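# using only what follows, build the 3D model:
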Amino acid sequence: MTAPTQNAIEVRSLTRTHGSVRALDDVTLAFRRDTITGLLGRNGAGKTSLMSILSAQDRQTSGEVLVEGEPPFEHARVVERMCFIRDNQRYPDDYKLKHVLRGARIGFPEWDQALADELVSLFRIPEKPVVKKFSRGQLSALGIVIGLASRAPITFFDEPYLGLDATARTHFYDVLLRDYAEHPRTIVLSTHLIDEMEQLLERVVILDRGRLLRDADVDELRGAAHQATGRDADVAAYAEGRSVLSRHRIGGLATAVIDGPPSPQDRAAAAERGIDIGSVGLQELVAAYGFDGADTPTERPGADTDRPATIANGARS
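Predicted coordinates for the structure are as follows:
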């Protein structure tokens with residue numbers, strides 16, 4: 001194995017096709033070692049496909065994947081250092097909780113039974129019924145138990161919160177942060193609950209239609225765009241010549257998300273037109289990057305939309 005670098009995973013020109021569909025399209029990025037990274041994007045963006053390939057549960061059509069310096073597919077010593085908790089995790093029909101935990105204890109060299117026991121109690125996971133009779137929330141909680149107690153050096157969670165109530169999700173966030181601080185490792189989280197999970201994330205990867213849109217630190221992304229709000233005609237005039245990621249209209253009012261932080265000249269131009277300039281949260285930014293003008297991006301009646309500029313690999317095209 002090659003000497004460790006700051007990156008636990010490196011992906012170069014990764015493409016995965018299913019017939020005529022490109023689940024991943026020429027993706028190049030890296031996941032930093034001992035970092036919690038959010039893998040974000042709309043449904044069908046390619047998040048699960050990427051994690052499946054990284055964890056050696058699928059194979060790319062072309063391109064290169066290196067995990068700890070080696071290709072993961074059919075490399076047992078690489079695979080045993082990873083844990084992938086899918087959103088539709090499946091178990092044998094006759095398995096109960098004890099069987100799942102026994103298998104995990106055997107399969108993960110760094111398994112922590114004390115942490116598993118703590119989480120089983122915290123999430124109130126039942127011991128008697130077979131796992132196939134678990135509710136959606138109980139299945140998610142069981143996946144979280146395995147993912148955290150595995151202490152795998154590289155752990156993937158694919159929407160781990162499905163079916164969990166707010167209290168259970170808070171338990172997950174709290175234990176993840178506590179255990180990560182005590183036992184640093186590389187964690188990749190796919191999520192749509194961006195506002196809730198933003199506190200966990202140090203870095204963000206945004207995918208859309210199989211292509212990489214952004215790969216950046218969370219602090220960098222927080223200042224990556226600004227929002228202009230005002231009368232429709234004024235916002236349209238302000239947006240002219242700027243890279244518009246998304247735009248929404250309601251009656252005579254409009255809001256546009258503009259790529260890039262506002263300059264002093266931008267603020268002056270906005271003030272002349274009576275436009276309010278505001279910051280853009282991570283949730284709004286991800287929605288803007290993945291925005292499609294053919295859709296209605298909000299639930300507000302009568303909203304009209306414009307198609308955004310296309311962004312790939314962090315640069316305008």
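
# top helix in this structure by residue count?
Identified as the longest helix of the chain according to DSSP state H is helix 166-182.

# pull the residues that contact it.
Under the contact criterion CB atoms under 8 Å, 6 or more residues apart in numbering, helix 166-182 has outside partners 36, 115, 118-119, 122-123, 137, 141, 144, 148, 151, 160-161, 164, 187, 193, 196-197, 199-200. All C-beta atoms are positioned from the backbone trio N, CA, C, and that covers glycine.

# what do you get for stretch 72-89?
1, 48, 51-52, 54-57, 59, 65, 67-68, 70-71, 107-109, 139, 142-144, 146-147, 150, 152-160, 162, 190.

# got it, and stretch 47-60?
9, 11, 14-16, 23-24, 27, 39-41, 65, 67, 72-75, 78-79, 82, 84, 86-87, 156, 158, 188, 190, 207, 210.

# CA atoms only: put that stretch into CSV for me.
Extracted C-alpha coordinates of stretch 47-60, given in CSV (Å, rounded to 0.1, in the frame of the first residue of the first chain):
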residue,chain,number,x,y,z
LYS,A,47,-24.8,10.0,-5.1
THR,A,48,-25.6,6.3,-4.4
SER,A,49,-23.8,5.2,-7.6
LEU,A,50,-20.7,7.0,-6.5
MET,A,51,-20.7,5.5,-3.0
SER,A,52,-21.4,2.0,-4.4
ILE,A,53,-18.3,2.3,-6.6
LEU,A,54,-16.1,3.7,-3.9
SER,A,55,-17.2,0.8,-1.5
ALA,A,56,-16.6,-1.8,-4.2
GLN,A,57,-20.2,-2.8,-4.4
ASP,A,58,-20.3,-1.7,-8.1
ARG,A,59,-17.7,-1.1,-10.7
GLN,A,60,-17.1,2.0,-12.9
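
# so where's this protein uncertain?
Applying pLDDT under 70 to the chain flags residues 1-4, 291-317.

# okay, now the domains of it?
7-220, 224-310 (automatic domain parsing).

# got TSV for the ones you listed, with mean neighbour count too?
As requested, the domains of the chain are arranged in TSV below (neighbours: other CB atoms under 10 Å):
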stretch	mean neighbour count
domain 7-220	18
domain 224-310	17
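
# sitting in strands, which of the contacts of stretch 72-89 do you find?
Among the contacts of stretch 72-89, the ones falling in strands (DSSP state E) are 65, 67, 154-158, 190.

# can you list these in CSV and add distance to residue 179?
Formatted as CSV, these follow (distance: CB to CB, whole Å):
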residue, distance to residue 179
65, 27
67, 22
154, 15
155, 11
156, 16
157, 13
158, 19
190, 19
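
# show me where the stretch 201-317 of the chain has helices.
218-222, 232-239, 264-272, 282-289 (DSSP state H, counting those that start in this stretch).

# now render those helices as a markdown table, adding distance to residue 250.
Formatted as a markdown table, the helices of the stretch 201-317 of the chain follow (distance: least, CB to CB, whole Å):
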| stretch | distance to residue 250 |
| --- | --- |
| helix 218-222 | 26 |
| helix 232-239 | 9 |
| helix 264-272 | 19 |
| helix 282-289 | 16 |
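
# where along the stretch 201-317 of the chain do the strands fall?
203-208, 211-217, 225-231, 244-250, 253-259, 276-279, 304-306, 311-312, 315-316 (DSSP state E, counting those that start in this stretch).

# cool, thanks, talk later.
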